[in-house]
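> structure for the following, please:
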Amino acid sequence: MHGAIFVGICIGGTILLIATLGLILIGIIRAAKTGGISKKDRQTHSDETKMIQDIFNGLSKMEERVEALETILIERQKKNY
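Below is the predicted model:
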């Protein structure tokens, strides 16, 4: 009787251990596939990246405009003197 209970506990423990290891393995595979971030986080990251690129492009254009205005002002000052 005690032997049957012991065997039952061992089999149950083994099944539980295998299930736990399987779930851990599935979690590791999913994390490796997605890079550890969810679809929502990836979309947010993509939106933020696009916004930063737009800001950078806008600032680059503004820099060109400022340089052109500086050139115009310098030329006007040279003509006045």
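
> per-domain residue ranges of the chain.
Here the domain parsing of the chain from automatic domain parsing is 1-36, 37-81.

> need those in JSON lines with mean pLDDT and mean neighbour count, can you?
Heads up, the C-betas are built off the backbone N, CA and C, glycines and all. As requested, the domains of the chain are exported to JSON lines (pLDDT from 0 to 100; neighbours: other Cβ atoms under 10 Å):
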{"stretch": "domain 1-36", "mean pLDDT": "87", "mean neighbour count": "10"}
{"stretch": "domain 37-81", "mean pLDDT": "90", "mean neighbour count": "10"}
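
> now Q53: how far from E64?
For Q53, the distance to E64 equals 17 Å [Cβ to Cβ, to the nearest Å].

> repeat that for R42.
Distance, R42 to E64, using Cβ to Cβ: 33 Å.

> and if you look at I37?
I37 is 36 Å from E64, by Cβ to Cβ.

> remind me, longest helix of this protein?
Determined from DSSP state H, the single longest helix within the chain is helix 39-80.

> and what about G27, helix, strand or coil?
Here G27 is recorded as helix under DSSP: H, G, I helix; E, B strand; the rest coil.

> what separates the helix or strand encompassing I5 from the chain centre, distance-wise?
Per DSSP states H and E, I5 falls inside helix 2-34. Helix 2-34 sits 32 Å away from the centroid of its parent chain (Cα atoms, centre = their mean, to the nearest Å).

> quick one, that helix and helix 39-80 angle?
Orientation of helix 2-34 against helix 39-80 (axes from the mean of the first three to the mean of the last three Cα atoms, to 10 degrees) gives an angle of 20 degrees.

> number the chain from 725, please
Sure thing, new numbering starts at 725, so read that last one as helix 726-758.
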